[in-house]
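1. please work out how this folds:
(2 chains)
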Amino acid sequence: DGGITQSPKYLFRKEGQNVTLSCEQNLNHDAMYWYRQDPGQGLRLIYYSQIVNDFQKGDIAEGYSVSREKKESFPLTVTSAQKNPTAFYLCASRWGQGATSGANVLTFGAGSRLTVL
Amino acid sequence: KQEVTQIPAALSVPEGENLVLNCSFTDSAIYNLQWFRQDPGKGLTSLLLIQSSQREQTSGRLNASLDKSSGRSTLYIAASQPGDSATYLCAATGGGANNLFFGTGTRLTVIP
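-> Below is the predicted model:
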């Protein structure tokens, strides 16, 4: 079955460490997204990518980095510069590029919960 | 900037009751409105997507409506079941690939 796989499901990080969250999709979607979810808040966009080798900052990109070397993969690195990284991270994708992708269903992975010790 | 609001933040109903969840948005220039379900500690599951040209969409016991002029969408759940207990989020999509705005959700509890 097609879908989005996020790993690991749970991750613990010591302060000062960089960690990378994996997101892989086999839906042949062009656009991929990373969101952060905190209790009592809506989802906030970290980064998005519409095509391989291209990505754009979202509303809260500081302290995060991404790459899009393959269409199927959009890993997120949480760097030591992110002051409050403990959160639930969600990866999503949808078909289409640019303005046309807005008309399509957004599909989410199961999420990765990051805790800083 | 688009703002999406969901009220109430939490709702409890007895099993079998019909219920309506509300979603309001400030900018009527949207591509579509999407409803999601999120179980605790899980990702979001898409329930219904209403394009801006549509008035409603139905899937089983779920019916979502869209009124762009008033900036409102509703999700109607018929004959609620304990398995419907979850957080329901709505998201409005504006023009472009990144203009997706989420509400904070309504946490629904269906009491057996």
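2. enumerate every residue touching the residue most central in space within chain A.
-> In chain A, the centroid-proximal residue (C-alpha atoms, centre = their mean) is residue A:34; its distance is 2.5 Å. Contact analysis of residue A:34 by C-beta atoms under 8 Å, 6 or more residues apart in numbering or on different chains lists A:23, A:45-48, A:58, A:64, A:66, A:74, A:76, A:89-92. (Each C-beta comes from the backbone N, C-alpha and C, glycine too.)
3. below-threshold pLDDT in the chain: ranges please.
-> The chain I'm using is chain A. A:1, A:97-103 (pLDDT under 70).
4. let me rephrase: I mean chain B.
-> For chain B, residues meeting the criterion pLDDT under 70 lie at B:95-98.
5. do stretch B:66-86 and chain A come into contact?
-> No - in terms of C-beta under 8 Å from any C-beta of the partner chain, no part of stretch B:66-86 sits within range of chain A; the closest distance is 13.7 Å.
6. hmm, back to that, most neighbours of all the contacts of residue A:34, which one?
-> Counting by other C-beta atoms under 10 Å in any protein chain shown, residue A:74 has the largest number of neighbours within those, with 29 neighbours.
7. now that one, nearest residue through space, not along the chain?
-> Leaving aside its sequence neighbours, residue A:74 sits nearest to residue A:32 (C-beta to C-beta, 6 or more residues apart in numbering or on different chains; 4.1 Å).
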